[in-house]
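A.B. asks: I would like the atomic coordinates for the input below:
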Amino acid sequence: MGQEHHSVSVVPAEAVTGRQAPVQSAVPAQDAAPLAPRARLLPSLVAVYRAQLSRARVARIPLLFVATFQSVGIMVLMRGVVDGGSEARAVVAGSSVLVVAFVALNLLAQYFGQLRAGGGLDHYATLPVPPAAVVLGAAAAYASFTVPGTVVTAVVGSTLFQLPMTHLWILAAVIPLSGAALAGLGAALGLLAPRQELATLLGQLGMSAALLLGVLPPDRLPGPLGYARDLLPSTYGVEALARTFDPHPDWSAVGLDLAVCAGVGMVSLAVATWAYRRAAVR
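C.D. replies: Sure, this is the predicted structure:
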């Protein structure tokens with residue numbers, strides 16, 4: 001009988017089982033390249049700030065004009081009702097900071113509410129940036145849009161009520177500190193609201209509170225509203241600006257108001273950062 005020859009076909013095990021065979025790395029484990037370090041806070045903050053500033057520039061400039069015209073219109077209406085003195089200083093200071101509230105509180109609450117509803121937080125969660133950089137960068141970008149409108153409102157109001165403009169340089173401190181406090185509040189409202197529509201509503205209510213409690217002279221507010229005014233973050237920026245319209249400002253009181261505003265801003269931004277972490281993990 002002739003000897004039979006059988007050919008044997010060798011088939012990889014992964015072709016049968018459908019599993020990928022383990023690949024032995026030619027590089028020892030101890031020689032593997034380390035992962036890139038997590039981005040630091042300051043460079044991440046600058047990057048987020050620039051991105052938000054360029055992205056929102058076209059969309060937010062028309063709204064900035066609306067905020068400015070709104071504040072100027074309020075001062076024109078109050079011109080026939082409010083006398084000079086402390087009431088005029090309160091109206092001008094409150095109307096100026098109202099521009100900050102419109103953008104930093106109202107629009108930022110809407111932005112973060114929309115970002116959460118549309119899944120935009122998932123994009124930021126994939127980036128190697130600290131959560132504080134996202135919140136602070138967005139808040140700083142929105143607060144930056146308030147600078148021209150706030151300055152214009154303060155100058156127009158000073159002219160309208162014949163107030164001195166000698167110390168308007170205090171806006172260099174009032175705008176960022178009030179903006180930080182209001183932006184942190186707006187971001188927290190947008191991130192904690194369960195629905196986008198509720199975030200928009202809360203932003204509108206916050207701006208209305210800044211209008212009612214900030215523009216009206218405190219002496220004309222009922223008692224309960226006076227206590228609510230003390231809880232509003234922008235109140236201390238309004239008080240600091242209003243004091244500088246006096247011919248001889250009490251700089252210690254101005255400094256105290258700005259310090260309180262800075263403290264409230266730190267707390268509100270910390271709450272917004274916590275709200276961002278809470279919303280990002282869901």
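
A.B. asks: mind checking how far L213 is from V76?
C.D. replies: Using Cβ to Cβ, to the nearest Å, one obtains 20 Å as the distance from L213 to V76. Every residue, glycine included, has its C-beta placed from N, CA and C.

A.B. asks: between those two, who's got more neighbours?
C.D. replies: Between L213 and V76, counted using other Cβ atoms under 10 Å, L213 has the larger neighbour count: 21 against 13.

A.B. asks: need the contact list for that one.
C.D. replies: If you count contacts by Cβ atoms under 8 Å, 6 or more residues apart in numbering, L213 has them with 221, 225, 228-229, 232, 235.

A.B. asks: Inside helices: which ones of these?
C.D. replies: Judged by DSSP state H, the contacts of L213 include 225, 228-229, 235 as members of helices.

A.B. asks: And the residues you listed, which of them are buried?
C.D. replies: Buried positions within the ones in helices among the contacts of L213, assessed by neighbour count (16 or more other Cβ atoms under 10 Å), are 229, 235.

A.B. asks: and which of the ones in helices among the contacts of L213 is nearest P62?
C.D. replies: Distance to P62 across the ones in helices among the contacts of L213 (Cβ to Cβ) is lowest for T235, with 28.3 Å.

A.B. asks: can you pull the contacts of the closest one?
C.D. replies: Taking Cβ under 8 Å, 6+ apart as the contact definition, T235 lies against 213-214, 229.

A.B. asks: Can you lay out those as JSON lines showing pLDDT?
C.D. replies: Shown next, in JSON lines, are those (pLDDT from 0 to 100):
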{"residue": "L213", "pLDDT": "87"}
{"residue": "G214", "pLDDT": "87"}
{"residue": "R229", "pLDDT": "87"}
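
A.B. asks: Reformat the ones in helices among the contacts of L213 as JSON lines; add distance to A47.
C.D. replies: Compiled in JSON lines, the ones in helices among the contacts of L213 are given as follows (distance: Cβ to Cβ, whole Å):
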{"residue": "L225", "distance to A47": "42"}
{"residue": "A228", "distance to A47": "38"}
{"residue": "R229", "distance to A47": "37"}
{"residue": "T235", "distance to A47": "33"}
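
A.B. asks: Which of the ones in helices among the contacts of L213 scores worst on pLDDT?
C.D. replies: Ranked by pLDDT, the ones in helices among the contacts of L213 bottom out at L225, which has 82.

A.B. asks: What's the separation between that residue and A183?
C.D. replies: Counting by Cβ to Cβ, the gap from L225 to A183 is 24 Å.

A.B. asks: With D219 instead?
C.D. replies: With Cβ to Cβ as the criterion, D219 and A183 are 29 Å apart.

A.B. asks: ok, now L42?
C.D. replies: Between L42 and A183 the computed distance is 18 Å (Cβ to Cβ).

A.B. asks: For the two, indicate the residue with more neighbours.
C.D. replies: Comparing L42 with A183 by neighbour count (other Cβ under 10 Å), the higher total belongs to A183, at 33 against 11.

A.B. asks: Quick check: closest non-adjacent residue to the more buried one.
C.D. replies: In space, not counting the residues next to it along the chain, A183 is nearest to A139; the distance is 3.5 Å by Cβ to Cβ, 6 or more residues apart in numbering.
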